[in-house]
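Student: Structure for this input, please:
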Amino acid sequence: MSNSEIRSRAWGIYKANIIILIAVTSASTVLSLIKDSINNSVVDILLFIASTVFSIGYVYFIYRLWSDGTCKFSHFKTPFA
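Tutor: Next comes the predicted model:
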């Protein structure tokens, strides 16, 4: 597979799934902003755990997006099932 074919495939996948990618990235950013703004240590630890779990799901989500060419929100829970 040449570089131009890889770029073409990546651009096609990106364009087809842009709304889901923006939603997931926005959710991750909001979670990080909330975690950074709270000074309560217990809530901070819980948000850290939630952020870590979300990141694991996000990485698998992106992996499935590239390998399958489509993404589904159900891919988030697959690493934990």
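Student: Please look at I56 and P79 and confirm they touch.
Tutor: Yes: using Cβ atoms under 8 Å, I56 is in contact with P79, at 5.7 Å. For the C-beta atoms, the positions are set from N, CA and C on the backbone; glycine is no exception.
Student: From the chain's centroid, how far away is stretch 72-79?
Tutor: 10 Å (Cα atoms, centre = their mean, to the nearest Å).
Student: tell me the mean pLDDT over it?
Tutor: Stretch 72-79 carries an average pLDDT of 76.
Student: same deal with stretch 6-20?
Tutor: If you average the pLDDT over stretch 6-20, you get 84.
Student: List the buried residues for it?
Tutor: I13, N17, I20 (16 or more other Cβ atoms under 10 Å).
Student: what separates stretch 6-20 from the chain centre, distance-wise?
Tutor: Worked out by Cα atoms, centre = their mean, stretch 6-20 lies 15 Å from the chain centre.
Student: Residues touching that stretch, excluding its own?
Tutor: L21, L65, W66, G69, T70, C71, F73 (Cβ atoms under 8 Å, 6 or more residues apart in numbering).
Student: for the fourth one, what are its contacts?
Tutor: Same thing as G69. Neighbouring residues of G69 by Cβ under 8 Å, 6+ apart: R9, G12, I13, A16.
Student: tell me what the helix or strand V53 falls within is packed against?
Tutor: Assessed by DSSP states H and E, V53 sits inside helix 41-68. On a contact count with 3 or more Cβ pairs under 8 Å, 6 or more residues apart in numbering; DSSP states H and E, helix 41-68 meets helix 3-16, helix 18-37.
Student: Columns distance to F48 on top of those helices, output as a markdown table?
Tutor: Formatted as a markdown table, the helices and strands packed on helix 41-68 follow (distance: least, Cβ to Cβ, whole Å):
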| stretch | distance to F48 |
| --- | --- |
| helix 3-16 | 30 |
| helix 18-37 | 7 |
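Student: Now do the buried residues in stretch 74-81.
Tutor: H75, F76.
Student: returning to that earlier point: adding distance to S2, write the contacts of stretch 6-20 out as JSON lines.
Tutor: Listed next are the contacts of stretch 6-20 as JSON lines, based on distance: Cβ to Cβ, whole Å:
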{"residue": "L21", "distance to S2": "25"}
{"residue": "L65", "distance to S2": "21"}
{"residue": "W66", "distance to S2": "17"}
{"residue": "G69", "distance to S2": "18"}
{"residue": "T70", "distance to S2": "23"}
{"residue": "C71", "distance to S2": "25"}
{"residue": "F73", "distance to S2": "33"}
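Student: Fine by me, thanks again.
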